[in-house]
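Trainee: I would like the atomic coordinates for the input below:
(chains A, B, C and D)
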Number of protein chains: 2
Amino acid sequence: MKDVAIAADVSVMTVSRAFKSDTSVSAATRMRIRKIADDLGYVLDATAANLRTQKTKFVAVTIPSINNANFADTVDALSERLADGGLQVLLAYSGYDLAREERLIEQLLRRRPEAIVVTGGRHTARARNLLANAGIPVIETWDLPADPIGHVVGFSNAATMHGMVDHLVAKGLTRIAFIGGDTDGDTRGADRRRGFVGAMQRHGLHADRLIGAGAPPISMREGAAAMGRLLDTLPSTQAVICVSDLSAFGALTECQRRGVAVPGDIAIAGFGAYEIAGISHPTITTIDPQPRLIGTHAADLILTLLSGTNLPDHRTIVIDWTLRAAQTT
Amino acid sequence: MKDVAIAADVSVMTVSRAFKSDTSVSAATRMRIRKIADDLGYVLDATAANLRTQKTKFVAVTIPSINNANFADTVDALSERLADGGLQVLLAYSGYDLAREERLIEQLLRRRPEAIVVTGGRHTARARNLLANAGIPVIETWDLPADPIGHVVGFSNAATMHGMVDHLVAKGLTRIAFIGGDTDGDTRGADRRRGFVGAMQRHGLHADRLIGAGAPPISMREGAAAMGRLLDTLPSTQAVICVSDLSAFGALTECQRRGVAVPGDIAIAGFGAYEIAGISHPTITTIDPQPRLIGTHAADLILTLLSGTNLPDHRTIVIDWTLRAAQTT
DNA sequence: GCGATACATGTTATCGATAACATAGCCGAA
DNA sequence: TTCGGCTATGTTATCGATAACATGTATCGC
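Mentor: Next up is the predicted model:
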C-alpha cells in the first residue's frame, strides 16, 4: 500500500480510503489510485485489515463431506444469503470424524470467523468447549440436539422416519426393513435408524430387519450390497427404508439386476430428495429435509445476530420436512 | 495471549512458544500454559500470526460448483495431500460464472494464500492479471490451456471425445449425437463438444446431431429432456455422447420411460466416471478423468514449489484419462 | 572451582492496514 | 471582511503474534 501511495503521491491513508466505499475521497483521486494499484498489481491485504478492525467478514462452516448434495445445497444457500451481508464462507469438512472436526473447529476459530456453523449436534467435549467460549454466534444444523451449544437450525431426523413408516403402513406394508445408520459416524443416519425402530414399535410391528451398510458416506454401491443381503436373508420383506436416496437408488438397481419388481415385490424409500430420486425409473419415495432452507435460515440468523439486534443466546429454528411419495412405494 | 501470559506468570513470548512445536520451552511450562489457555478459552489468533510471519499456511482453490463429484474428488485429494505439508484449503466456487470467478480470485488473494488453484484455463483479463501478478504459484486444472498463466495439471477434454467416438465407431455406430456443451459457461463441456465434432470429421462422419442442454451445471433432468428432443427430432440416431454421466443417466431414464432399448435401440455414453455410471442398470460407458489424481498432482506440485526447490515457472502435468466401456454401448 | 555451553525465558521492533484525531483549503452567510 | 462549517487529506497509535536478539541459570568437563 505504501508503494501505491508513493506512486500516487498521496498518503497510505488516502489509498486505504480509496478502497473503501463509505469514506470521503474525491472521486478523481479514488479512480486514479485504483488505476495505479491495478497497474502495480497491488491487492489489499485482508490479514492486516482484519487485525486492525477485528473483523474478518467471514463465517466458518463445517460439513461432514464436501461430496454430498444435501450439505452442498445448505452451504450454497447459506453463502448466497450471507453474501448479501458482505460475508464470505470458509468451508471445511470433517469426513464424518468427530476428532477431525475438533481439530477443524480449532483451526477455523484461529482465523477469527464472525460466526460458525456446524453440522449436527454431536461433538467432542473439547470441541463443545471451544465453540461455547468462542464468543461468536454458534449454529448447529441438520439436527435438533438435546443440549444445544448456541443456536439451532434443523429438524428431527427421527421424526422423518415416523412419517415414512406411517406412509408405508398406510399402504398395507408391515414387514419393513431399514438399511444403514449402523455405525456411530453418521449421527443423523443413526438417528433415523432409531426413529425407524421407534415408529415400528408405535405401530406394534417388529423392527428387527436392520441391515448395516458400513461407515458413512453410504454410497450407491453399499446400498446395492445391503439390498443384496436383505433379499438373501429376509426375502419376506415388503418394504425397505434406506438411510439416503443414494443407497436407495443402489438398492433399486440391485432389485433390477435380480429381476425383483419395485414396488411390486418390494417397496423402497430413501431420504434427502436428491435429484436422482425424482428422475430414476421408477422414481423413489423420499423425505425432503429442505437443505437450502436450512442454509437461508442459518444465514438470516447470523446476519441478525451480527447486526446487534437483541436476540436470545439460544434459539432453535425447526425446519419443516415433507414426504415425497413416488413410484417405488 | 497477554491474559494467558499473566495467568501463567510468563511473558507473551513464552506463551507464543508454547503453541509452536519447534521452539524451546520446557515441557512442564508448555503443558501448564496450554492448560491455562484451554481453561481461559483462549485460541491462537492466526490473523496476527499471519501478518507477522507473512505466511498463512493455506491454499486458495476455486471450482465451478461445490455440488459436483468430480471437482469434489479433486478438492478432497488436494486437501488431503496438502495437509501433509501443513497447508489448509480455502475453497470458493464460481457458479460457472467468469465474472464471479474474477471477484472470487481478488477476495481470495486479499487473504494472501501461499498458492492458488483454479479450475479451467479461461478467465477474465483482469483475473488473469491478478493471478499473474500474485507472486504465488498459480495452477490451472482440468484443462490444457493454450496460454497457461503458470502451472497446469489437466488433460485435453477434446481428446477424450476422440477416444469415445473411436470406441463407438469401432462398434459400428456412425449416426452419433452429442448432448450438452452448447453454452459458453461450461468451458470444458464446450471443449468436449468441439472434440466430438473434430473426431466425427476425422472419421468422415456428419457431426450435425448436436443437442443443447442449457447452462451448466447440466442436471440429470436436463439430460432427460435433451434425450427426449433427440428421440423426437432425430430418431435414426444410433448413439449419443452426453457431456457428463449425470446427463447420460437422465438420458437413460428417458429411454426407459419411452421403452427405448439401451444399447439395443440407442447407445449412451457419458463423462466423469461418477459412481452412478458404474451402478445404474445398465451401467454407463464413460471417461474417467481421474479427478483425485489431478488433486494429488496439484498438491505435490505446490508443496515442491513452496519448498523452494528450483522448478520452472511453467510446468504442465498431463493426466491420463481412461475409457471405461460398460453396458450402455 | 572455573569457564564454556546449552537451555529456558524476556525485550524490542515489526508485519500492513485503519480508527481516531488533526489540519488545510474552500465556500457562503452575516 | 470574517468566521463557521464542510470536504479532502495527513499523522499517530494500534490490532496480536513472533523473529531476532539479549539475558539469566543450570550443567558439564577438566
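Trainee: Which parts of the stretch 201-329 of chain A are helices?
Mentor: Assigned by DSSP state H, counting those that start in this stretch, the helices in the stretch 201-329 of chain A fall at A:220-233, A:245-258, A:275-279, A:291-306.
Trainee: Mind giving me the packing neighbours of the first one?
Mentor: Translated: helix A:220-233. Helices and strands touching helix A:220-233, as assessed by 3 or more Cβ pairs under 8 Å, 6 or more residues apart in numbering or on different chains; DSSP states H and E, comprise strand A:176-179, strand A:210-211, strand A:239-242, helix A:245-258, helix B:275-279. Glycine gets a C-beta too; all of them are placed from N, C-alpha and C.
Trainee: Quick check: which of these has the most neighbours on average?
Mentor: strand A:239-242 (a mean of 31; mean count of other Cβ atoms under 10 Å in any protein chain shown).
Trainee: neighbouring strands for it, and are they parallel or not?
Mentor: Strand A:239-242 sits in its sheet next to strand A:176-179 (parallel), strand A:267-269 (parallel), going by DSSP bridges.
Trainee: contacts for that strand?
Mentor: For strand A:239-242, the surrounding residues in contact (Cβ atoms under 8 Å, 6 or more residues apart in numbering or on different chains) are A:161, A:164-165, A:168, A:171, A:173, A:175-180, A:196, A:209, A:211, A:223, A:226-227, A:230, A:248, A:251, A:263, A:266-271, A:329.
Trainee: got it, and stretch A:307-323?
Mentor: A:144, A:148, A:150-156, A:159-160, A:163-164, A:167, A:285-290, A:293-294, A:297, A:301, A:304-305.
Trainee: what about 6 Å?
Mentor: Applying Cβ atoms under 6 Å, 6 or more residues apart in numbering or on different chains, the contact partners of stretch A:307-323 are A:148, A:151-153, A:155, A:160, A:163, A:167, A:287-290, A:293-294, A:297, A:305.
Trainee: The residues you listed, buried ones only, as a PyMOL selection?
Mentor: Listed next is the PyMOL selection for buried residues among these, using 16 or more other Cβ atoms under 10 Å in any protein chain shown:
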select buried, chain A and resi 148+151+152+153+155+160+167+287+288+289+290+293+294+297+305
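Trainee: Determine which two of the contacts of stretch A:307-323 are furthest apart.
Mentor: Spanning the widest gap among the contacts of stretch A:307-323 are A:167 and A:305, at 37.3 Å by Cβ to Cβ.
Trainee: Which elements pack onto the one helix or strand residue A:160 maps to?
Mentor: Per DSSP states H and E: residue A:160 is located in helix A:157-170. Packing partners of helix A:157-170 (3 or more Cβ pairs under 6 Å, 6 or more residues apart in numbering or on different chains; DSSP states H and E): helix A:187-202.
Trainee: got the angle between the helix it packs on and helix A:157-170?
Mentor: 40 degrees (axes from the mean of the first three to the mean of the last three Cα atoms, to 10 degrees).
Trainee: Which members of the contacts of strand A:239-242 are classed as buried?
Mentor: A:161, A:164-165, A:168, A:173, A:176-180, A:196, A:209, A:211, A:223, A:226-227, A:230, A:248, A:251, A:263, A:266-271, A:329.
Trainee: Done for today, thanks.
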